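Colleague: give me the fold of what follows.
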Amino acid sequence: MVPNKKTTSPIAEKLLCLQTTLQKMGNVAVAFSGGIDSTFLLHSACKALGAGRVIALQGLSCLVAKSVSDRAERILEQFFAGKVDYIPVSISPLTWQEFVVNDSRRCYFCKRRLYQILKVEMEKEGCRFLLDGTNVDDLQAERPGLQALRELGVHTPLLDAGLSKNEVRHLAAAAGLANHDLPANSCLATRIATGKPIEQRELEQIERAEDLLSGLGFSGCRVKPLDGYVHLEVQEKDIERFSKSTTRFAIQQQLIDIGLGRAYLGIIGR
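Modeller: Numbers count the residues shown, from 1 in each chain. Below is the predicted model:
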């Protein structure tokens, strides 16, 4: 009788692959945003390499809401104090003309500029590899920024290990990372319609409006100005609560006060 071989789950095999890959890298820098992908990647790098061999680089600019950068700082303090060196890097994307015009290649130009800057910082710190938290699900949508990562030799260990977003969330929850169920986020420029130049004033309006909605309990919302009105996206679970008349009228008035137009709600939700 042939004994049963001990089997491991697919997600456990992917985690082992991730750890093995990271262990071979030595000192690394992680492009950190505070989102779950980069947080779990940072956690995995610390576990594989140990304290003092991992740094977290975060690009800060007008494209990153203050609430997002503040949350990232809290995550670092809570889970990575004494384990990683954190280096905030100030960038000025509104000086990049190819980015400001906001054509279909905006994300490519932004990622290429950003990661070139992060690579310079990485090399100053003596790191050989720059890591990004791209996962398998990111291949399902058009992501021009991925081309920039490949051109610059930025490594994507989560993707290479075959990990999906849900698998990353599962592993992050098992590791005790408090932001494992955090809604997906992106930079403020993604709220502006392609072809419309990106301006500081509109970015500030979007940030204020999303902070307003988040403060009312609608986390993970999106505010997208377009042709004199504003398209709102809230999580599907929040649509019914958002639809209460008192809520809608109050939000509409505050959006007008911010300088945005009449609001329309996406009926599908995020």
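Colleague: and Glu202, how many neighbours?
Modeller: Neighbours of Glu202 under the rule other C-beta atoms under 10 Å: 18. Any C-beta I mention is one placed from the backbone N, CA and C, and that applies to glycine too.
Colleague: which elements pack onto the strand or helix carrying it?
Modeller: Secondary structure from DSSP states H and E places Glu202 in helix 200-215. Here helix 200-215 touches helix 66-79, strand 222-226, helix 245-258, going by 3 or more C-beta pairs under 8 Å, 6 or more residues apart in numbering; DSSP states H and E.
Colleague: can you read off the pLDDT for the residue nearest to Val223 when sequence neighbours are not counted?
Modeller: Nearest residue to Val223 in three dimensions, chain neighbours excluded: Ala209, at 4.2 Å (C-beta to C-beta, 6 or more residues apart in numbering). For Ala209, the model assigns a pLDDT of 96.
Colleague: which residues does Ala209 contact?
Modeller: Taking C-beta atoms under 8 Å, 6 or more residues apart in numbering, we find Ala209 in contact with Val223, Val230, Leu255, Ile258, Leu260.
Colleague: how near is the last one to Cys127?
Modeller: Computed as C-beta to C-beta, to the nearest Å, the Leu260 to Cys127 distance reads 42 Å.
Colleague: what's stretch 35-43 in contact with?
Modeller: 30-32, 54, 56, 75, 79-80, 84, 131-135, 157-158, 165, 168-169, 171-172, 175, 177, 179-182, 184-185.
Colleague: could I get the average pLDDT for it?
Modeller: pLDDT averaged over stretch 35-43 gives 96.
Colleague: between strand 222-226 and the helix holding Glu202, find me the angle.
Modeller: 140 degrees (axes from the mean of the first three to the mean of the last three C-alpha atoms, to 10 degrees).
Colleague: list the buried residues in helix 200-215.
Modeller: Glu202, Leu203, Gln205, Ile206, Glu207, Arg208, Ala209, Glu210, Asp211, Leu212, Leu213 (16 or more other C-beta atoms under 10 Å).
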